[in-house]
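**Student:** let's see this in three dimensions:
(one chain, ligands or ions: 2)
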Amino acid sequence: ALLNILHYPDERLHTVAKPLEVFDEALQTQIDNMFETMYEAKGIGLAATQVDFHHRLVVMDISEERNERRVFINPEILQKDGETVYEEGCLSVPGIYDKVTRAERVKVRALDRNGKPFELEADGLLAICIQHEIDHLDGKVFVEYLSQMKQTRIKTKLKKREKQNM
Ligand SMILES: O=C(O)C[C@@H](Cc1ccccc1)C(=O)SCC(=O)c1ccccc1
Ligand SMILES: [Zn+2]
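**Tutor:** Ligands and ions are numbered 1, 2, ... in the order given. Here you go, the predicted structure:
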């Protein structure tokens, strides 16, 4: 089922997600609904926070063919190195793209959808996306890296658009 994606500056996007402890059928449904929502919204990642589910769960597919599903549960970044700048977007901040500086490579440990631990060394867009999604789980949206002036302009712009769409 398609889930509703929260739009910035919705306060719920600043919630810090709790670790996932229960691996039941409901979780599998939540994961499948998040993939369906991410693909429909043409995203390459989606954090549970964005669909108002405040547990540490991220789905991702950065492949061109849209057929390489990745699930990260209770993800932790073990190592960061290098620095890279990328023009990011966010499904919770539609139509806004801006440059963000992040670590070029990350080593991440997480659980897969069956609760099995794994470690991954990532670079490129995968590393950027992992950092962007874990920020969401920590209640952080990429626009918060931009200047105050830009953040104010973005809030005003999105507020106006929300009012028009009422
Ligand atoms: O809001 C999200 O978490 C999804 C977000 C993930 C992301 C995109 C680009 C850089 C970092 C993280 C998106 O998928 S936004 C969709 C989009 O604009 C985009 C898609 C592919 C590459 C770049 C941007
Ligand atoms: Zn985002």
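**Student:** look through the chain and tell me its longest strand.
**Tutor:** Longest strand in the chain by number of residues (criterion: DSSP state E): strand 70-81.
**Student:** what is the mean pLDDT for that one?
**Tutor:** Regarding strand 70-81, the rounded mean pLDDT is 98.
**Student:** same check on stretch 13-23?
**Tutor:** Summarised as a single mean, pLDDT over stretch 13-23 is 97.
**Student:** now that stretch, how far from the centre of its chain.
**Tutor:** Distance of stretch 13-23 from the chain centroid (Cα atoms, centre = their mean, to the nearest Å) equals 13 Å.
**Student:** endpoints of it, how far apart?
**Tutor:** Terminal residues of stretch 13-23 are spaced 24 Å apart (Cα to Cα, to the nearest Å).
**Student:** so what touches it?
**Tutor:** Contacts of stretch 13-23 with the rest of the structure, by Cβ atoms under 8 Å, 6 or more residues apart in numbering, involve 6, 27, 47-50, 54-57, 73-74, 92, 111, 114-115, 136-141. The way it works is simple: take the backbone N, C-alpha and C, and place the C-beta from them, glycine included.
**Student:** are any of the residues you listed buried, and which?
**Tutor:** Buried by 16 or more other Cβ atoms under 10 Å: 6, 27, 47-50, 55-57, 73-74, 92, 111, 136-137, 139-141, out of the contacts of stretch 13-23.
**Student:** in this structure, what residue lies closest to ligand 1?
**Tutor:** Residue nearest to ligand 1 within the chain (Cβ to the nearest ligand atom): Gly89, separated by 2.6 Å.
**Student:** so that residue is in contact with Lys99, correct?
**Tutor:** No. Using Cβ atoms under 8 Å, Gly89 makes no contact with Lys99, being 11.4 Å away.
**Student:** which one's more surrounded, these two?
**Tutor:** Gly89 (17 against 11; other Cβ atoms under 10 Å).
**Student:** list the contacts for that one?
**Tutor:** Listed by Cβ under 8 Å, 6+ apart, the contact set of Gly89 reads Ile96, Tyr97.
**Student:** residues near Leu158, how many?
**Tutor:** Using other Cβ under 10 Å, Leu158 is surrounded by 20 other residues.
**Student:** tell me the secondary structure of the residue nearest the centre of the chain, please.
**Tutor:** In the chain, the residue lying closest to the centroid (Cα atoms, centre = their mean) is Glu133, at 3.0 Å. Under DSSP: H, G, I helix; E, B strand; the rest coil, Glu133 falls in the helix class.
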